[in-house]
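*Asks:* Next come a sequence and a model predicted from it.
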Amino acid sequence: MMKRTSVACLLTGLLSTAPATAKDYITSEQLPDWFSKSLVKEAKDLPRTRLSLPAFPINATGLGTWSEAQSEDNYWYFTVDIGSESPVECWAFQEYDGLANSLVNMMKYAVNNVSANLNKALESQYNFSLDVSNLGNVPVFSYDILYNLGETDERVSGLMKGMSAESANGLQVCLHNEIGYRETFKDVFTSFVNAVDRTANVKPFFFAINGMKMQGELVGIVSEKFSVDADGDVEIVEATSLILPVDANTVSSTDSLARSWSRVDGTLINTYEYTVENGEVMSSMGLSRTEGTWVIEGEIQGKKVNSELSYDDVFTSNFGAYLETKKLANSDQDSLSYNTWSLEGDPTQPTPTVMYKKSQKNGLLELVAEIESFKIEYTVDEDFIMQRAKVEMGPIDYGVMPMYVSGKPIKL
């Protein structure tokens with residue numbers, strides 16, 4: 001599980017440099033020999049265990065020897081024996097903060113819990129690795145922490161590994177407090193995610209998962225999901241999750257979710273958005289039209305907001321933005337504009353968007369969108385699905401790359 005070591009001294013000063021790859025911040029050359037040898041340990045010939053959790057639902061086999069699910073207030077808990085000193089621990093949630101915040105907060109709690117159980121103070125910790133990926137239409141975060149407990153002569157080191165995945169069923173998280181077993185841990189987590197029965201979920205007519213890239217490293221996920229509801233309107237769910245390294249020791253986590261409804265002509269009916277940063281709800285706000293007037297209601301940084309908007313025209317939904325792209329592409333115009341509503345800017349005012357048609361290249365349409373302080377350069381294919389994008393936001397810029405696409409955004 002952990003070993004007594006002076007690894008902290010060897011790592012101090014080495015971790016402020018850029019990671020060797022998008023996944024690992026620390027290479028074997030930066031670690032003591034015993035740590036590197038322990039790191040490559042893996043389990044072999046693990047059995048598979050039947051998993052059953054009707055409420056989620058889960059009904060399949062998982063890799064390793066799984067316990068029965070223990071039901072708590074808002075979640076279910078499993079342990080998994082993989083033949084290591086410490087078991088893998090897994091949770092299924094249907095109420096949670098988000099893909100990023102839940103993982104980071106559970107990792108912090110787990111490291112502090114180890115510290116308390118051993119009665120050794122947390123002397124230091126380092127970001128060991130960070131990865132963003134997907135299992136088909138399920139986005140996944142992976143985050144590992146190397147930690148050191150106790151004074152120099154009694155110091156022990158450990159590696160806390162964590163993974164989270166989010167689907168329409170809910171959130172799944174697994175942790176493992178042991179050096180090594182990295183591939184085994186991923187395989188166990190993958191089997192947990194794949195054990196979920198998603199056959200009853202509403203099938204969206206469009207679902208896209210895009211990765212956010214900063215300085216060549218994937219740090220976040222942006223997803224869009226469009227479905228037709230019982231009234232024939234378009235339900236839109238847009239989620240953004242980020243785990244961004246702040247320095248060698250810490251990360252910042254952000255999750256935001258916007259759920260809205262749109263008419264088939266692309267005009268917004270209503271929407272609700274919230275953002276959680278580092279475990280704190282920063283904003284939660286809804287927009288709806290009451291007796292011909294747009295009204296916002298919610299909280300921003302703990303302050304209640306309830307206000308009528310002076311703006312009385314239509315807002316364009318995310319679904320409508322694709323219709324506007326089609327309109328521009330099929331016209332002789334070089335640009336067009338429309339108004340959206342966003343919690344990120346001034347929620348009492350419409351957010352104007354101007355879209356410019358630049359050129360056609362290799363079968364892709366090149367576009368530029370200016371949204372207040374944002375500028376987005378991007379390309380779309382014949383179905384107006386984004387193929388690549390560069391976002392400029394003041395001094396910050398990041399890339400967006402497709403990771404998963406199903407369906408077409410303007411074909412209901």
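*Replies:* Perfect, thanks for sending it.
*Asks:* okay, CA-based contacts and neighbour counts for the rest of this
*Replies:* Noted.
*Asks:* ranges for the helices of the stretch 251-400 of the chain?
*Replies:* Along the stretch 251-400 of the chain, the segments classed as helices by DSSP state H, counting those that start in this stretch run 318-329.
*Asks:* same check, this time on the stretch 101-250 of the chain
*Replies:* Under DSSP H, counting those that start in this stretch, the stretch 101-250 of the chain gives helices at 182-194.
*Asks:* could you point out where it is predicted with low confidence?
*Replies:* For the stretch 101-250 of the chain, applying pLDDT under 70 flags no range at all.
*Asks:* Make sure Asn306 is actually in contact with Ile296.
*Replies:* Yes - look at Asn306 against Ile296 with CA atoms under 8 Å: they come within range, at 5.6 Å.
*Asks:* which one of the two has more residues nearby?
*Replies:* For Asn306 and Ile296, the more surrounded residue by other CA atoms under 10 Å is Ile296, and the numbers stand at 21 against 13.
*Asks:* The spatially closest residue to the more buried one that is not a sequence neighbour pairs with what?
*Replies:* Among residues not flanking Ile296 along the chain, Leu287 sits closest, at 4.6 Å (CA to CA, 6 or more residues apart in numbering). For Leu287, the beta-bridge partners under DSSP bridges are Thr271, Ile296.
*Asks:* Give me the number of neighbouring residues for the closest residue to Leu122 other than its chain neighbours.
*Replies:* Ranked by CA to CA, 6+ apart and with sequence neighbours excluded, the top spatial neighbour of Leu122 is Leu149, at 4.6 Å. When neighbours are counted by other CA under 10 Å, Leu149 registers 26.
*Asks:* give the contact list for Leu149.
*Replies:* Counting by CA atoms under 8 Å, 6 or more residues apart in numbering, Leu149 makes contact with Ser115, Lys120, Ala121, Leu122, Glu123, Ser124, Arg155, Val156, Ser157.
*Asks:* on that earlier part again, ok now do the residue nearest to Ile296, which residues does it touch?
*Replies:* Asn270, Thr271, Tyr272, Trp294, Val295, Ile296, Glu297.
*Asks:* you'd agree Gly180 is up against Val40?
*Replies:* Yes - if you go by CA under 8 Å, Gly180 and Val40 touch, sitting 5.4 Å apart.
*Asks:* The residue nearest to Leu122 and His176, how far apart?
*Replies:* Leu149 sits at a distance of 17 Å from His176 (criterion: CA to CA, to the nearest Å).
*Asks:* again with Phe319
*Replies:* 40 Å.
*Asks:* can you tell me how far Val380 sits from Asp73?
*Replies:* Noted for Val380: a distance of 45 Å to Asp73, by CA to CA.
*Asks:* oh sorry, the question was meant for Arg198
*Replies:* Counting by CA to CA - Arg198 and Asp73 are separated by 23 Å.
*Asks:* Widest-spaced pair of the contacts of Leu287?
*Replies:* The largest separation in the contacts of Leu287, counting by CA to CA, is between Tyr272 and Trp294 at 13.1 Å.
*Asks:* Kindly export the lengthiest strand in the chain (C-alpha atoms) in CSV.
*Replies:* Counting by DSSP state E, the longest strand found in the chain is strand 122-135. The C-alpha coordinates for strand 122-135 follow below in CSV (Å, rounded to 0.1, in the frame of the first residue of the first chain):
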residue,chain,number,x,y,z
LEU,A,122,0.3,14.9,5.2
GLU,A,123,3.7,16.3,4.5
SER,A,124,3.4,16.8,0.8
GLN,A,125,1.5,15.6,-2.3
TYR,A,126,2.1,15.8,-6.0
ASN,A,127,0.1,15.5,-9.2
PHE,A,128,1.3,12.2,-10.5
SER,A,129,-0.8,11.8,-13.6
LEU,A,130,-3.9,13.3,-15.2
ASP,A,131,-5.8,11.9,-18.2
VAL,A,132,-9.1,12.6,-20.1
SER,A,133,-10.6,9.9,-22.3
ASN,A,134,-13.9,8.3,-23.2
LEU,A,135,-15.4,4.8,-23.2
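*Asks:* residue nearest the centroid of this structure?
*Replies:* A centroid search over the chain (CA atoms, centre = their mean) returns Ser241, at 3.3 Å, as the residue closest to the centre.
*Asks:* if I look at the spatially closest residue to Glu238 that is not a sequence neighbour, how far off is Phe78?
*Replies:* The shortest distance from Glu238 to any residue other than its chain neighbours is 4.6 Å, reached at Glu224 (CA to CA, 6+ apart). Noted for Glu224: a distance of 31 Å to Phe78, by CA to CA.
*Asks:* before we move on, the earlier item: which strand residues bridge the residue nearest to the centre of the chain?
*Replies:* Beta-bridge partners for Ser241, by DSSP bridges, are Ile221, Asp255.
*Asks:* Contacts only, for it.
*Replies:* Gly98, Leu99, Ala100, Gly220, Ile221, Val222, Ser253, Thr254, Asp255, Ser256.
*Asks:* who touches the first one in this structure?
*Replies:* If I follow you right, that is Gly98. By CA under 8 Å, 6+ apart, the contact set of Gly98 is Leu171, Ser241, Asp255, Ser256, Val276.
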